[in-house]
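# Return a 3D structure for these sequence lines:
(one chain, ligands or ions: 1)
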Amino acid sequence: MMRPDQHRRPLHRVITSLQNPTIKAVRALEMRKVRRETGLFVAEGASVLVTARDHGWRPKTLLYQPEAAEGEIHRQLVQWARQSGAEILEVSEAVLAKVASKENPQCMLAVFQQAWHTLPEPREVKPDAVWVALEEIRDPGNLGTIIRTADAVGAGGIILIGTSCDPYSREAVRASMGSIFAVPLAKIDRDGFLSWRQTWPGEVVGTHLAATEDFRAVSYRGPTLLVMGSEGPGLSDALTRACDRLVKIPMAGKLDSLNLAVATALTLYQIRGPHLKL
Ligand SMILES: C[S@@+](CC[C@H](N)C(=O)[O-])C[C@H]1O[C@@H](n2cnc3c(N)ncnc32)[C@H](O)[C@@H]1O
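Residues are numbered from 1 along each chain as shown. Presented below is the predicted three-dimensional model:
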């Protein structure tokens, strides 16, 4: 029978060396190349890990600093990791400081297998669904914020088109605040997207600075595929032509455009607003 405080006792010795092979492997996941090769990523913080657990994810590795992770929630997370068959390491404060992010460091982090979804088949798309397609998004902070907003409005998922930043980077995962575990993600090149787009059972709505239709004037009848352009160049001509409709968010000032994540959030709330209740 396990004692309630048993998680606080080292499962092995407390790891104090950065040369420990697991610590080295977790640190290597800061590199995109290593994330691509291994298909793994890191998520930090107890509340984010609770979201992962609640969405049925299972960690491969759990690291925590025992003196800082003493709460009931930490105990439950260690138990979840154990039941998942994860490797569990107790680490010193100095080791955790090297492995965890410098901003807002957490006392617990875990490694997971990435989950890439296929693009939805027409029969999988619900009548009131909205999916978001992002062309060549560059900024992981924007991507994490969009994942979080897509979760908030109950979007079906996000499609990354072309060469994009990595949703499983530390910055994107952090900005998603746990929604990385909730929102299906798919990726495809531009030609693949243009051919899949023919199968979309509803309207394809692009946001464009040259559009003449106010995004608030449209009656969005689902399912809607919302297409957003890249931070720098905006929507390419090929994707612009692939849209059934182009909309613009009015702006009063002399600015060129809104931030991509802000524009996505405004449009998603316009589309999904009628379906959301407090
Ligand atoms: C930072 S903007 C790109 C600006 C780029 N210079 C351009 O000409 O499109 C990134 C994306 O956000 C969306 N966006 C930003 N502001 C918008 C607005 N006022 N109306 C419609 N879409 C907007 C568009 O999808 C755009 O491609």
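
# Just the buried residues of the least confident helix or strand in the chain by mean pLDDT, please?
Least confident element among the helices and strands of the chain, by mean pLDDT, DSSP states H and E: helix 93-99 (a mean of 92). Going by neighbour count (16 or more other C-beta atoms under 10 Å), the buried part of helix 93-99 is 95-96, 99. Just so you know, the C-beta spots here come from the backbone N, C-alpha and C atoms, and that holds for glycine as well.

# which other residues reach that helix?
Helix 93-99 is contacted from outside by 15-18, 20, 23, 26-27, 63-65, 67-68, 91, 105, 107, 109, using C-beta atoms under 8 Å, 6 or more residues apart in numbering.

# What parts of the chain come near the ligand?
Within reach of the ligand by C-beta under 6 Å from any ligand atom, the chain has these residues: 207-209, 228-229, 231, 234-235, 248-249, 251, 256-258, 260, 263.

# ok, 5 Å please
Residues of the chain found near the ligand (C-beta under 5 Å from any ligand atom) are 207, 209, 228-229, 231, 234-235, 248-249, 257-258, 260, 263.

# what about the residue in the stretch 1-150 of the chain that the ligand sits nearest to, neighbour count?
Closest to the ligand within the stretch 1-150 of the chain is Glu135: 7.6 Å, counting by C-beta to the nearest ligand atom. When counting by other C-beta atoms under 10 Å, one arrives at 24 neighbours for Glu135.

# can you tell me which residues contact it?
Contacts of Glu135 (C-beta under 8 Å, 6+ apart): 161-162, 190, 227-230, 235-236, 239.

# And the pLDDT for it?
pLDDT for Glu135: 98.

# Just grab the bridge partners of the closest residue to it other than its chain neighbours for me.
Excluding the flanking residues, the one nearest Glu135 by C-beta to C-beta, 6 or more residues apart in numbering is Ile161, at 4.8 Å. With beta bridges defined as DSSP bridges, Ile161 has these partners: Glu135, Ile188.

# wouldn't Ile161 be in contact with Leu239 here?
Yes. Counting by C-beta atoms under 8 Å, Ile161 touches Leu239, with 7.3 Å between them.

# hey, what's in contact with both of those two?
135, 190, 193.

# I'd like to know how many residues surround the nearest residue to the second one once chain neighbours are set aside.
Pointing back at Arg190 there. Distances taken as C-beta to C-beta, 6+ apart place Gly162 nearest to Arg190, at 5.1 Å, with adjacent residues excluded. Gly162 has 18 neighbouring residues, counting by other C-beta under 10 Å.

# Check whether Gly162 really touches Leu194, as I assumed.
No. Using C-beta under 8 Å as the test, Gly162 is too far from Leu194 to be in contact (11.0 Å).

# one step back: residues touching the residue nearest to Arg190, list them.
Counting by C-beta under 8 Å, 6+ apart, Gly162 touches 135-136, 189-190.

# Drop anything exposed from those residues.
135-136, 190.

# Which residue is the nearest non-sequential neighbour of the residue nearest to the spatial centre of the chain?
Nearest to the mean C-alpha position of the chain, by C-alpha atoms, centre = their mean, lies Ile180 at 3.2 Å. Closest residue in space to Ile180, ignoring its immediate chain neighbours: Val173 at 5.2 Å, by C-beta to C-beta, 6+ apart.

# In contact with the one you found, which residues?
41-44, 48, 144, 167, 180 are the contacts of Val173 under C-beta under 8 Å, 6+ apart.

# State whether Ile88 is indeed within a strand.
Yes. Counting by DSSP: H, G, I helix; E, B strand; the rest coil, Ile88 is found in a strand.

# related to what we said a few turns ago, cross the contacts of Glu135 against strands and list the overlap.
When DSSP state E is applied, the contacts of Glu135 are split such that 161, 227-228 fall in strands.

# Can you tell me which of these is nearest the ligand?
The closest of the ones in strands among the contacts of Glu135, once distances to the ligand are taken by C-beta to the nearest ligand atom, is Met228, at 4.2 Å.

# my read: that closest one touches Ala263, true?
Yes. Applying C-beta under 8 Å as the test, Met228 and Ala263 come out as touching, 6.8 Å apart.
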